[in-house]
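[1] When you get a sec, could you give me coordinates for this:
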Amino acid sequence: MAQEQLRVENTASARDGLRVLRCQGPLTMGTVFTLQGAVRSENAATVIIDLGEVPYIDSAGLGSLVHAYLSYQKAGRRLALVGVNERASALLQMTNVEHLFPIFPSLGEAERGLA
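    Residues are numbered from 1 along each chain as shown. Purely as a prediction, here's the structure:
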């Protein structure tokens, strides 16, 4: 059985200084390096990770999100999440890390909220 892949597309936002990392596929131990590379290579002041096409996140994926948030915070930058599905939201709540992330239902709302 072939392992599902994670694709991360780095796109500009409608706002200057804001970038969007649009993820497609599961965020798991086998795919976290793709997201980690995209997060490390981005130098915008604010980054939105769009999880709208991420069907599930395992503990390694959750760890990579928390690590990205902490790294950005330490550098004086911001990281937010959009498109978090019910399954991922439950994981964030169950592990008590949802309070770390600004979470928005849509990209437009994130852009307005982070202005």
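[2] Name the single longest helix found in the chain.
    helix 59-74 (DSSP state H).
[3] which residues touch that one?
    26-29, 31-32, 35-36, 39, 47, 49, 57, 78-79, 81, 91-92, 95, 97, 100-101 (Cβ atoms under 8 Å, 6 or more residues apart in numbering). Glycine gets a C-beta too; all of them are placed from N, C-alpha and C.
[4] if you look at those residues, which of them are in strands?
    Among the contacts of helix 59-74, the members falling in strands (DSSP state E) are 47, 49, 78-79, 81.
[5] Spatially central, which residue of the protein would that be?
    I49 (3.1 Å; Cα atoms, centre = their mean).
[6] buried stuff in the longest helix of the chain?
    61-62, 64-65, 68-69, 72 (16 or more other Cβ atoms under 10 Å).
[7] Now do it against strand 78-82, angle only.
    Counting by axes from the mean of the first three to the mean of the last three Cα atoms, to 10 degrees, helix 59-74 points 140 degrees away from the direction of strand 78-82.
[8] still on that earlier bit, filter the contacts of helix 59-74 to the buried ones?
    Neighbour counting by 16+ other Cβ under 10 Å classes 26-28, 31-32, 35, 39, 47, 49, 57, 78-79, 81, 91-92, 101 among the contacts of helix 59-74 as buried.
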